[in-house]
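Engineer: here is a sequence with its predicted model. Questions after.
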Amino acid sequence: MATRVEVKPIDRKKWHGKTGKESFAQPQTIQALANAETMEYAVELTEEDHEFFKNKNVNYDLSLQYNPEEPHPFWDTKTPRIKLENRTMFFNKELPLDRIKVGIMRASKFVANSKKQYEEGEYPEATHYIHDESREVERVASKISLRNDAIIETTKLNPERKIHIIKVLKGTNLKNQTPDFIIKEMDKLIEKNPEAVLRAIRREPKETATLSIVYEALDKGVLREDGHTIKYMDSTLGTSPEEVMEYFMKDKNQEFYLLIRQKLE
């Protein structure tokens with residue numbers, strides 16, 4: 001497994017019009033910041049990281065508890081601070097302090113966890129991004145595994161169940177489509193987000209079927225969205241499709257649910 005982590009600057013045009021190495025942007029120093037809500041320092045350290053520190057006999061105080069009355073013996077010192085240079089920086093996860101610094105950067109709003117996440121707008125304030133080959137390999141392997149699981153699970157579903165899942169995840173009604181077309185649409189969903197497909201498959205079939213009806217009723221105007229609520233005529237059924245699904249699944253509301261289904265036929 002690769003132990004080297006690269007942290008690269010994000011090219012942004014400055015007022016002087018220069019980018020990359022020619023840019024003379026000032027380096028920014030970051031450190032673990034305290035979260036006043038959780039009363040903890042923002043650092044991403046896994047169980048594997050802590051096991052590594054234990055085996056290396058690391059004696060830094062890595063407790064995350066924040067005390068506003070006194071500085072932390074480690075996080076508030078200069079030791080774990082990171083200067084984000086205008087160049088590619090290298091960190092070796094076999095070195096305890098480097099591993100800690102990577103954990104700080106992963107929790108920082110100024111460092112995107114990948115170039116892709118920055119480009120997708122997840123880190124609008126980022127000046128740098130992390131390229132961690134080992135994590136990228138794990139991410140790709142995980143997606144492939146999820147995709148294979150989703151393919152296996154969808155082959156066990158009948159066409160009606162597939163239609164319900166596609167309606168819930170994509171909003172498309174395939175009631176009158178051929179089995180081959182339904183399979184193609186399911187394959188597209190698996191390729192895009194296999195995890196979401198698996199979650200939908202592992203949900204109670206009755207929940208998925210009911211949620212599908214809720215979305216169809218909204219599409220056809222049988223139910224309507226009014227601000228932050230979903231209504232049938234003047235009756236408020238919930239604030240989201242999920243809440244309306246839960247409402248319809250209650251025994252006392254079954255007649256009402258059947259009424260909505262009849263209006264969709």
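Structural biologist: Received it, and whenever you're ready, just let me know what you need.

Engineer: so which residues of the stretch 51-200 of the chain form strands?
Structural biologist: Residue ranges of the strands in the stretch 51-200 of the chain, as given by DSSP state E, counting those that start in this stretch, are 82-84, 89-92, 111-112, 128-132.

Engineer: care to break the protein down by domain?
Structural biologist: 4-139, 157-203, 205-265 (automatic domain parsing).

Engineer: quick revisit: now the strands of the stretch 51-200 of the chain as TSV including mean pLDDT, distance to Thr208 and mean neighbour count?
Structural biologist: (Each C-beta comes from the backbone N, C-alpha and C, glycine too.) Formatted as TSV, the strands of the stretch 51-200 of the chain follow (pLDDT from 0 to 100; distance: least, CB to CB, whole Å; neighbours: other CB atoms under 10 Å):
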stretch	mean pLDDT	distance to Thr208	mean neighbour count
strand 82-84	96	46	18
strand 89-92	94	44	15
strand 111-112	94	35	25
strand 128-132	88	36	21
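
Engineer: which ones are touching Ile213?
Structural biologist: 248, 257, 260-261, 264 (CB atoms under 8 Å, 6 or more residues apart in numbering).

Engineer: before we move on, what about Leu237?
Structural biologist: Neighbours of Leu237 in contact, by CB under 8 Å, 6+ apart: 223, 229-231, 243-244, 247-248.

Engineer: out of the residues you listed, which is most surrounded?
Structural biologist: Neighbour counts for those (other CB atoms under 10 Å) peak at Val244, which has 27 neighbours.

Engineer: from Tyr232, how far off is it?
Structural biologist: 9 Å (CB to CB, to the nearest Å).

Engineer: shared neighbours, those two?
Structural biologist: Leu223.

Engineer: helices of the stretch 51-200 of the chain, start to end?
Structural biologist: 96-106, 115-119, 133-154, 159-170, 179-192, 194-201 (DSSP state H, counting those that start in this stretch).

Engineer: and Val58, which of these is closest to it?
Structural biologist: Evaluated with CB to CB, the helices of the stretch 51-200 of the chain place helix 96-106 nearest to Val58, the distance being 4.7 Å.

Engineer: how about CSV for the domains of the chain, with distance to Ala150 added?
Structural biologist: Listed next are these as CSV, based on distance: least, CB to CB, whole Å:
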stretch, distance to Ala150
domain 4-139, 16
domain 157-203, 4
domain 205-265, 15
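
Engineer: tell me which of the ones you listed lies nearest to Arg147.
Structural biologist: Taking those one by one with CB to CB, domain 157-203 is closest: 4.4 Å.

Engineer: chain center to that closest one, what's the gap?
Structural biologist: 21 Å (CA atoms, centre = their mean, to the nearest Å).

Engineer: give the contact list for the nearest residue to Glu44 once chain neighbours are set aside.
Structural biologist: For Glu44, ignoring the flanking residues on the chain, the nearest one in space by CB to CB, 6 or more residues apart in numbering is Arg106 at 4.0 Å. Residues near Arg106 by CB under 8 Å, 6+ apart: 44, 113, 130.

Engineer: if we can go back for a sec, could you redo the strands of the stretch 51-200 of the chain as JSON lines and give each row distance to Lys188?
Structural biologist: Converted to JSON lines, the strands of the stretch 51-200 of the chain look like this (distance: least, CB to CB, whole Å):
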{"stretch": "strand 82-84", "distance to Lys188": "39"}
{"stretch": "strand 89-92", "distance to Lys188": "38"}
{"stretch": "strand 111-112", "distance to Lys188": "28"}
{"stretch": "strand 128-132", "distance to Lys188": "29"}
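
Engineer: nearest to Glu6, out of those strands?
Structural biologist: strand 128-132 (4.3 Å).

Engineer: partner strands of that closest one and their direction?
Structural biologist: With DSSP bridges as the test, strand 128-132 is paired with strand 4-9 (antiparallel), strand 111-112 (parallel).
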